[in-house]
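1. Okay, sequence plus prediction incoming.
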Amino acid sequence: MTTLKVHNIESAPQESKPLLENSLKSFGMLPGLHGVLAESPQILKAYQELHELFTNSSFNADELTVVWQTINVEHACHYCVPAHTGIAKMMKVDDAIIEALRNETPLEDAKLEALRTFTLSLTRNRGNVSQEDLTAFYAAGYGERQVLDIILGLSQKVISNYTNHIANTPVDAAFEKFAWEKK
């Protein structure tokens, strides 16, 4: 398996050190993904900014989780699915939502299921969604802003999911209990 170096604050390139210090302050730990991204200060900064922007988008905690986990599961990210399971629990997302997303089963809430379905279509089709997909998404109560906000979340997840595939990033100890493999 391919692996990339997981930096700590001391081993990171100089430009990445303040970014890693921000990660440490924000999360109370240094996520392994951030340690890998630190090799390129630009990608680490981009990832952190995309995370903040998406977290402050038009979506609530349940919806953020649906977008993140739908993409993580579709991309079979061994690191992000457990991490976002832990994050969802910290965000007080209902366990039924968390488990349905991890298991790729439909969500009970029709609006959240429409979000999951549209996010999945957007991800699988690389943005080439049908008019029917858009119509169903809008009929569920979402609008153009949410389409664009999903693309923002997808941008963040492409950075993390692809990096974790190449780096074989070890799952952080805090999230090991949420280990996951694609079925």
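-> Nice, thanks for sending it over.
2. Okay, helices next: where are they in this protein?
-> 17-27, 32-37, 41-55, 61-74, 80-90, 95-103, 110-124, 131-139, 144-167 (DSSP state H).
3. among those helices, which is the most enclosed?
-> Per-residue neighbour counts averaged over each of the helices of the chain give the maximum for helix 32-37, namely a mean of 25 (mean count of other C-beta atoms under 10 Å). Bear in mind the C-beta positions are built from the backbone N, C-alpha and C, glycine included.
4. Now the helices of the chain in JSON lines, please, with extra columns for mean pLDDT.
-> As requested, the helices of the chain are exported to JSON lines (pLDDT from 0 to 100):
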{"stretch": "helix 17-27", "mean pLDDT": "96"}
{"stretch": "helix 32-37", "mean pLDDT": "98"}
{"stretch": "helix 41-55", "mean pLDDT": "98"}
{"stretch": "helix 61-74", "mean pLDDT": "98"}
{"stretch": "helix 80-90", "mean pLDDT": "97"}
{"stretch": "helix 95-103", "mean pLDDT": "98"}
{"stretch": "helix 110-124", "mean pLDDT": "98"}
{"stretch": "helix 131-139", "mean pLDDT": "98"}
{"stretch": "helix 144-167", "mean pLDDT": "98"}
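5. closest to V6 out of those helices?
-> Comparing the helices of the chain by their distance to V6 (C-beta to C-beta), the top pick is helix 32-37, with 4.0 Å.
6. Pick out the residue nearest the middle of the chain.
-> In the chain, the C-alpha closest to the average C-alpha coordinate belongs to W68, at a distance of 3.9 Å (C-alpha atoms, centre = their mean).
7. How about that one: what's its closest non-neighbour residue?
-> Setting aside the residues directly before and after it, W68 is nearest to H84 in space (C-beta to C-beta, 6 or more residues apart in numbering), at 4.9 Å.
8. With L107 instead?
-> Nearest residue to L107 in three dimensions, chain neighbours excluded: E113, at 4.3 Å (C-beta to C-beta, 6+ apart).
9. Isn't that neighbour up against L101?
-> No. Taking contact to mean C-beta atoms under 8 Å, the distance of 10.7 Å between E113 and L101 leaves them out of contact.
10. which residues are in contact with both of these two?
-> Any residue near both E113 and L101 by C-beta atoms under 8 Å, 6 or more residues apart in numbering counts here, and that gives L107.
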